[in-house]
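Engineer: let me see the structure of the following:
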Amino acid sequence: MTTASTVDLDFSRGPTSHPELQRWVNEVVALTTPDRVVWCDGSPEEWSRLTAVLVDRGTFVELSEPANSFRCVSDPDDVARVEDRTFICSDNESDAGPTNNWMDPVDMTTVLTEQFRGAMAGRTMYVIGYCMGPLDSKDSEIGVEITDSEYVAVSMSVMARTGTPVWQRMGTETPFVKGLHSVGAPLSPGQQDVPWPCDHTKYISHFPQTRTIWSYGSGYGGNALLGKKSFALRIASTMARDEGWLAEHMLILKLTSPTEVVRYIAAAFPSSCGKTNLAMLEPTLDGWTAETIGDDIAWMRFGAGGQLYAVNPEAGFFGVAPGTGMKTNPNAMRTIAGGNSIFTNVALTDDGGVWWEGMTKQAPEHLIDWRGNDWTPDTKTVAAHPNSRYCTPIDQCPTAAPEWNDPQGVPISAIFFGGRRSTTIPLITEAFDWKHGVFLASILSSETTAASTGTVGVLRRDPMAMLPFIGYHVGDYFQHWLDIGADAIAPRALPKIFYVNWFRRGDDGDILWPGFGENLRVIDWALRRIDGRADATHTPLGFVPTTDSLDLAGLDLEQEDLEEALAIQTEEMLEELTLIDQWYATIGGNKLPDELRQELNWLKVRLSGYASGAATAAEHRDVPYSPTSDRNPTR
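Structural biologist: Alright, predicted model coming up:
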C-alpha cells in the first residue's frame, strides 16, 4: 500500500517501473485525491483482505455456502448496463455511427475531469493490472483499471488474469489500455459510507483513438468491470478493425462426436439469450462430449491453414442468475458450488445461502429479497432481480476444456448467430456462404431482456449480438466482417455461418423446441452439413433442415411442432423485410456495404418467388451443402 501523500513522489513500493503507468497513476491521484493507493497483486490474501472490508461495510454478506463466497445487493438504480449513458468519443461523430452515443473527446474529457475531480476523497484507490487472454500469448492485451471500488477489485480478480504476473509481463514498455473508474461518491471526514455507493449521474465513455476508458457513477459489473464489455468488446473491436481480427460477443465451445471428431464452434447471442447455457452444454445425444472454452467473448485471428482461431480473453463467468438451475445449466451450478464466487442482487436464504428464480423447482418458504425485504412464495414481486449475477472462476467449471487457456486459441468450424424471437425465424438456417452469413448476422434481432435498462420484450435489431458493444460505426463494422471473408487466404477454411432461434412459439404460445441440452441436436445437424452429410431444404432465407435430417432419437417432440419450428412463414417474412429495410435505413446509404444491400434484394426476389409459387419443387428440394449455391432460386 502507498499513501496518497507519497505516491506522487515515490513509486519504489509499487510493483512496476513502467514510466507511462507511473505518470498516469500520479495524474489520477492528483485529480481524484484518494486517501491512499493500493497496487493489487491478485493474491488470495488480497481477496481475504478486501472481502473482509466489504463485509465490515455491509456491502458483502459471507455465505454459509458455497465456500469463500459472498452476496451483495446494489442500489436499485444501479442494476444493469446503462446504454443511454455509454459513449464512443471518437474524433469524428461519423466514426461512432447511429448505434452509439457520441460526444467530442475534448468535451467529454472536460466534463469527466470535473466529475472525477476529488471523486475518490475519503476512499482507497486500487490499481489493477489485468491481462485479457492467456498470460503467455503474444496476442493477449494488457489493461490497467484504476478504481475506488473494492467490489470491482475483487470481481476483476475473478474475471481476468490480474496482479503480480501482469505487472511482471508489462515490464517498462508494454502498451496498455487505460481504464479509470469511480463510483462517484467521495466521503467527507467522518461521513458514514453506504453499502453500495454510486452517483445517479453516470458516464461510461470510450476513447478509441487513445485506447482509454473513463467510467463514472456506476458500480454495476457491466459498467464498472472495465476489462469486460468496455475493453474486450468496445475498445477491442476498434483494435480488431485496425489490425485485421475480430473481437466478438461470442461463446466458444468444444464438441467431440461419438466418432472422436473434435470441432470448436463460436456463437453470438444477445445477453440473457442462452450463451452461458450453450457454453456449458450437457449433451443429450449419446456419445457426445461438450467442453467449455468461454461463455461471453471471443477474440478471433487467422492462424494455421487460414482458419480463424478463437481465444477467450476472460478468466471467469459473469452470468445471469435467474433461470440458471440444475435442469437448465447443471454445469454452471457445479461451477458455482466450487465457491470463490460473488453474487449480486440475488435473494438470501435463512441458512445463509443464495436463491433466485429457476434455481430450484420450489422456492424456499422464506427469503430476504434483493431489496432487503421479507419474501415468501406468495409475494407478488420477484426475489432476485431479473439481471442478478454470479461471478465465478472458469477453472472451477467441470466442463472447462484444457484449451480454454491455450495461447494459440482453437480453430473455429462454425459460427452460430441467434436471438430471442417468438415468430418468423426458423430453428436453424445455414447461410449460403460467408457474405450471406454476414447479411444474416447483420439483421439479427431479439426481444429485449433485463440485461440492460429499458423496456423488456421489445424487438430490436442486434447485429452479431453486438449492438451495445461495437466501438465504431456499425456500417464499417459490417464492412470489416465482409473484409475478413474477402481477405481470407483459404476461403473454404472460413467457419460456416448459421442463424438459430431456440425461442420460436406456436399458435398456442408454447415454445416449439425444448432447447438447453437438446440444442446439440441442432448443432449436430450443422456440423454434419459442414461435412456434406445432412439434408436440407433450400428456402429463401437459407438452408433449413428437413424434418428427418435432425437426430431426434429419444426426444419426445410432436412432428407438428418440429415442422412449425422449421417453417418459413411467408407473411411473417414479408413483414420482416419491411423491418429490415427500416433497420438498414438507419445505417445510412453511404455506410451500409453494397454487398449487404444486394443480399437484401436477393432475399426479396427469392421470397417473392416463394410466395407466388413461381419456384419449382426442384428449386426447393433437399440439396447437399455447396459453398457456391445459387441464392436466387427463381433463376
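
Engineer: from here on, just use CA atoms for contacts and neighbour counts.
Structural biologist: Noted.

Engineer: show me the contacts for Gly339.
Structural biologist: Shown here is Gly339, whose contacts under the criterion Cα atoms under 8 Å, 6 or more residues apart in numbering are Glu65, Pro66, Ala67, Asn68, Ser69, Thr392.

Engineer: hmm, which helix or strand of the chain has the shakiest average pLDDT?
Structural biologist: Confidence across the helices and strands of the chain bottoms out at helix 4-7, with a mean of 38, counting by mean pLDDT, DSSP states H and E.

Engineer: for the most centrally placed residue in the chain, give its distance to Pro189.
Structural biologist: Most central residue of the chain, judged by C-alpha distance to the mean C-alpha position with Cα atoms, centre = their mean, is Asp296 at 3.9 Å. Between Asp296 and Pro189 the distance, using Cα to Cα, to the nearest Å, works out to 42 Å.

Engineer: would you verify that Thr110 is located in a helix?
Structural biologist: Yes: the secondary structure assignment for Thr110 places it in a helix, going by DSSP: H, G, I helix; E, B strand; the rest coil.

Engineer: show me where the stretch 401-550 of the chain has its strands.
Structural biologist: For the stretch 401-550 of the chain, strands defined by DSSP state E, counting those that start in this stretch occupy the ranges 410-418, 428-430, 445-447, 459-461, 496-500, 536-538, 543-545.

Engineer: Throw those strands into TSV and include distance to Ile204, mean pLDDT and mean neighbour count, thanks.
Structural biologist: Conversion of the strands of the stretch 401-550 of the chain to TSV gives the following (distance: least, Cα to Cα, whole Å; pLDDT from 0 to 100; neighbours: other Cα atoms under 10 Å):
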stretch	distance to Ile204	mean pLDDT	mean neighbour count
strand 410-418	27	98	24
strand 428-430	36	98	26
strand 445-447	24	91	23
strand 459-461	22	90	17
strand 496-500	31	98	25
strand 536-538	45	96	23
strand 543-545	41	98	25
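
Engineer: now tabulate the ones you listed in a markdown table and tack on distance to Asp95.
Structural biologist: Listed next are the strands of the stretch 401-550 of the chain as a markdown table, based on distance: least, Cα to Cα, whole Å:
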| stretch | distance to Asp95 |
| --- | --- |
| strand 410-418 | 25 |
| strand 428-430 | 32 |
| strand 445-447 | 23 |
| strand 459-461 | 20 |
| strand 496-500 | 28 |
| strand 536-538 | 38 |
| strand 543-545 | 35 |
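
Engineer: and these: which comes nearest Ser341?
Structural biologist: Comparing these against Ser341 with Cα to Cα, the closest turns out to be strand 410-418 (27.3 Å).

Engineer: can you check what angle separates that closest one from strand 496-500?
Structural biologist: If you take axes from the mean of the first three to the mean of the last three Cα atoms, to 10 degrees, strand 410-418 sits at 30 degrees to strand 496-500.

Engineer: quick check, pLDDT for Ala451.
Structural biologist: pLDDT recorded at Ala451 is 53.

Engineer: so who does Val127 touch?
Structural biologist: With Cα under 8 Å, 6+ apart, Val127 has these contacts: Val25, Val37, Val38, Trp39, Cys40, Val144, Glu145, Ile146, Thr147.

Engineer: among those residues, which one sits closest to Trp404?
Structural biologist: Distance to Trp404 across the contacts of Val127 (Cα to Cα) is lowest for Val144, with 22.8 Å.

Engineer: so how many other residues sit close to that closest one?
Structural biologist: Applying the criterion other Cα atoms under 10 Å, we find 23 residues in the vicinity of Val144.

Engineer: would you mind measuring from the residue lying closest to Leu527 once chain neighbours are set aside to Gly171?
Structural biologist: For Leu527, ignoring the flanking residues on the chain, the nearest one in space by Cα to Cα, 6 or more residues apart in numbering is Ala414 at 7.7 Å. For Ala414, the distance to Gly171 equals 38 Å [Cα to Cα].

Engineer: now do the helices in the stretch 451-600 of the chain.
Structural biologist: Ranges of helices in the stretch 451-600 of the chain, per DSSP state H, counting those that start in this stretch, are 474-486, 519-530, 559-566, 570-587, 594-612.

Engineer: quick one: distance of stretch 492-511 to the chain centre.
Structural biologist: Distance of stretch 492-511 from its chain centroid, counting by Cα atoms, centre = their mean, to the nearest Å, is 19 Å.

Engineer: what comes up buried for it?
Structural biologist: Going by neighbour count (16 or more other Cα atoms under 10 Å), the buried part of stretch 492-511 is 494-506, 511.

Engineer: ok, stretch 315-330 next?
Structural biologist: Using 16+ other Cα under 10 Å as the test for burial, stretch 315-330 gives 315-325, 328-330.

Engineer: turn the residues you listed into JSON lines, columns for distance to Ile587.
Structural biologist: Rendered in JSON lines, the data for the buried residues of stretch 315-330 read as follows (distance: Cα to Cα, whole Å):
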{"residue": "Ala315", "distance to Ile587": "35"}
{"residue": "Gly316", "distance to Ile587": "35"}
{"residue": "Phe317", "distance to Ile587": "33"}
{"residue": "Phe318", "distance to Ile587": "31"}
{"residue": "Gly319", "distance to Ile587": "31"}
{"residue": "Val320", "distance to Ile587": "31"}
{"residue": "Ala321", "distance to Ile587": "34"}
{"residue": "Pro322", "distance to Ile587": "35"}
{"residue": "Gly323", "distance to Ile587": "35"}
{"residue": "Thr324", "distance to Ile587": "36"}
{"residue": "Gly325", "distance to Ile587": "40"}
{"residue": "Thr328", "distance to Ile587": "37"}
{"residue": "Asn329", "distance to Ile587": "37"}
{"residue": "Pro330", "distance to Ile587": "41"}
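
Engineer: got a markdown table for those, with distance to Asp476 and pLDDT too?
Structural biologist: Compiled in a markdown table, the buried residues of stretch 315-330 are given as follows (distance: Cα to Cα, whole Å; pLDDT from 0 to 100):
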| residue | distance to Asp476 | pLDDT |
| --- | --- | --- |
| Ala315 | 30 | 98 |
| Gly316 | 31 | 98 |
| Phe317 | 30 | 97 |
| Phe318 | 29 | 96 |
| Gly319 | 30 | 93 |
| Val320 | 31 | 93 |
| Ala321 | 35 | 96 |
| Pro322 | 36 | 95 |
| Gly323 | 36 | 93 |
| Thr324 | 36 | 95 |
| Gly325 | 40 | 95 |
| Thr328 | 37 | 91 |
| Asn329 | 36 | 94 |
| Pro330 | 40 | 95 |
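
Engineer: got CSV for those, with secondary structure and distance to Asp104 too?
Structural biologist: Converted to CSV, those look like this (DSSP: H, G, I helix; E, B strand; the rest coil; distance: Cα to Cα, whole Å):
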residue, secondary structure, distance to Asp104
Ala315, coil, 34
Gly316, strand, 34
Phe317, strand, 34
Phe318, strand, 32
Gly319, strand, 33
Val320, strand, 34
Ala321, coil, 37
Pro322, coil, 39
Gly323, coil, 41
Thr324, coil, 41
Gly325, coil, 45
Thr328, coil, 45
Asn329, coil, 44
Pro330, helix, 46
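
Engineer: what ranges of this protein fall below the confidence cut-off?
Structural biologist: Regions of the chain meeting the criterion pLDDT under 70 cover residues 1-13, 449-457, 611-635.

Engineer: strands of the stretch 101-250 of the chain, residue ranges please.
Structural biologist: 101-102, 124-132, 141-147, 161-162, 177-182, 203-207, 212-216, 246-248.

Engineer: list the helices and strands the first one packs on?
Structural biologist: So that's strand 101-102. The elements that strand 101-102 packs onto, with contact taken as 3 or more Cα pairs under 8 Å, 6 or more residues apart in numbering; DSSP states H and E, are strand 86-88.

Engineer: now swap in the third one and tell me
Structural biologist: Helices and strands touching strand 141-147, by 3+ Cα pairs under 8 Å, 6+ apart, are strand 124-132, strand 177-182.
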